[in-house]
Structure formats: structure tokens, C-alpha cells
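> sequence? don't have it. structure:
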């Protein structure tokens, strides 16, 4: 079995019901598919990109647009304009009964968002990066790992292996969306993230983040090839994006996304 099989990786229909921000000037522009977080704020959803949240360093959309990136974000099932589809608990149970997972459904929608973004003439389809905090980082990471057209990935406060989380009981602090049935028979989150290499990847953690404790994050990080990898550990930070993480992630994107085609050749 492959990681693709675990999440039912199939062709996706473009998902065009999101928030799109575009910088001024002639395109095509590099772009960020921004995957919103959870935080128990089901009403927020895709508006995180415009409004920010308690787990972000202000609105990410404005910062990314100012840095020259088009930005796209869609609601996940049960969030924002899609709350009418059901609660997270109801959606997770329904998907399990059907033999799937809510995470796989979310990932399929993110793939549809990528297809929509890649088809936009204002966007350079060879320079689309995924970015997320917490739940958004998990979705952005899996998408970058399985969709080879993704140019690179920004992962903030989420990369951790699941087996150590289960051993410590920390897995139960995450929502029911974060379940990929059968993953631990095939590997773990670090093995998925490793598939992104040698494409560039930025990983930020807070030393005081109780949702990604040291043993779990170190286990995942140890599996990542060094090629293209940038890590950022902030000793005093918890589970959320800080100004320092935001600045480092934007600098990472600037180094990679604004290179010429010739400079991006391996």
C-alpha cells in the first residue's frame, strides 16, 4: 500500500469557492495555497487568510500579497460557509462508516483548490507553494508530498510523528479530523513529509508546543532529507505562529519562489 492509497488519491475537480488575493502588477505571480487551521473556530475557516486568528501573526493574506504572492484559501468541510455540511464529529463518523476519513476528504478538497489555482492565468503554475499553521500545516504538507507540482511547503507548528503522540496520549488533544487509517502500518508523518524533498520545505516549531512535543517532532524531523530543508525552532513559543516564524517563512519563500527558472534548476 502507498500513502496515496491511504487517502484515496484521485483526480480532483477544481474548487473555486475560496478567497483569492492577487498582488498588483503584471503576472503570472508565484502563489501560495493557504490551508486554514482548526483552533475550534468553525465559523472562521477561509477567512483566516483575511482576518488572521489567535494562532497567526496577523492576517497572512495581506503579508503574502505584499511579498508578491497570489493567495488562495478554501473552507474545509464543517468550517466557514460549509458548517451546514455537519459538525466535525458527525463528518468524521460518516466518513469512517463509508471506509474513508475526514482527513482524506479535506485533502481532496485542497487538491481541488490547487487545481483551481494552477489554472488561473494570473498565477505561475510552476511556483505554487503550500502554507499552513496547525491543521492547515498537516493538510498543506500531505498535499505537497503527494502533488509533485507543488513547488515547496511551509509547515508551522504541526510536523510530528503520530506514534509518539499516541504513546504519550497527546494525540487525543488533536481533533478527530487528524486520522489517516492505516498510516502507522506504512510509516508516519515524517515519512510523508520526506516525500517533499528535494523541493524546498520550511518547518517551524515552538519549544513549548504541547501539541507537538519534542520526541514526536524530533522523530519526524529525523526522517527529512537535508536537501531543501529549512528548520526554525523558537524556544519560548507554543502552538502558534509568531512574528519571528512569519518573518523566517516569508524570507524562505523569497529565496526560492523569486528565483529565475535557471536558478531553480537542481
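Now that the structure is in, tell me what you want to look at. Treat the numbers as computed from the prediction; the structure is a model and nothing was measured.
> Do you know the pLDDT at residue 11?
You'll see residue 11 listed with a pLDDT of 87.
> how near is residue 177 to residue 136?
Distance of residue 177 to residue 136, computed by C-beta to C-beta, to the nearest Å: 11 Å. Heads up, the C-betas are built off the backbone N, CA and C, glycines and all.
> Just give the number of residues close to the closest residue to residue 76 other than its chain neighbours.
Among residues not flanking residue 76 along the chain, residue 106 sits closest, at 4.9 Å (C-beta to C-beta, 6 or more residues apart in numbering). Other residues within reach of residue 106, judged by other C-beta atoms under 10 Å, total 26.
> What of residue 102?
26.
> How confident was the prediction at the residue positioned nearest the centre of the chain?
For the chain, the residue nearest the mean C-alpha position is residue 140 (2.1 Å; C-alpha atoms, centre = their mean). The model reports residue 140 with a pLDDT of 98.
> Pull the contacting residues for it.
Contacts here follow C-beta atoms under 8 Å, 6 or more residues apart in numbering; on that basis residue 140 touches 33, 35, 110, 130, 131, 132, 153, 154, 155.
> Sort out for me which of the residues you listed are in strands.
Mapping the contacts of residue 140 onto strands (DSSP state E) picks out 33, 35, 130, 131, 132, 153, 154, 155.
> May I have the secondary structure class of the spatially closest residue to residue 158 that is not a sequence neighbour?
Spatially, and ignoring its direct neighbours in sequence, residue 158 is nearest to residue 137 (3.5 Å; C-beta to C-beta, 6+ apart). Look at residue 137: counting by DSSP: H, G, I helix; E, B strand; the rest coil, its state is helix.
> Next: residue 15.
Taking three-state DSSP as the rule, one finds residue 15 in the coil state.
> Roughly how far does the nearest residue to it once chain neighbours are set aside sit from residue 149?
Nearest residue to residue 15, sequence neighbours excluded (C-beta to C-beta, 6+ apart): residue 112, at 3.4 Å. Using C-beta to C-beta, we find residue 112 at a distance of 14 Å from residue 149.
> Check residue 10 too.
Residue 10 is 16 Å from residue 149, by C-beta to C-beta.
> thinking again about what came up before, neighbour count: residue 112 and residue 149, which is higher?
residue 112 (19 against 11).
> Check which helices and strands the helix of greatest length in the chain sits against.
As assigned by DSSP state H, the longest helix anywhere in the chain is helix 102-119. Applying 3 or more C-beta pairs under 8 Å, 6 or more residues apart in numbering; DSSP states H and E, one finds that helix 102-119 makes contact with strand 29-35, strand 70-73, helix 88-97, strand 123-133, helix 135-146.
> the inter-axis angle of the first one versus strand 152-156?
This means strand 29-35. In terms of direction (axes from the mean of the first three to the mean of the last three C-alpha atoms, to 10 degrees), strand 29-35 departs from strand 152-156 by 40 degrees.
> Ok, the last one next?
Between the axis of helix 135-146 and that of strand 152-156 there is an angle of 150 degrees, by the same axes, to 10 degrees.
> Much appreciated, bye for now.
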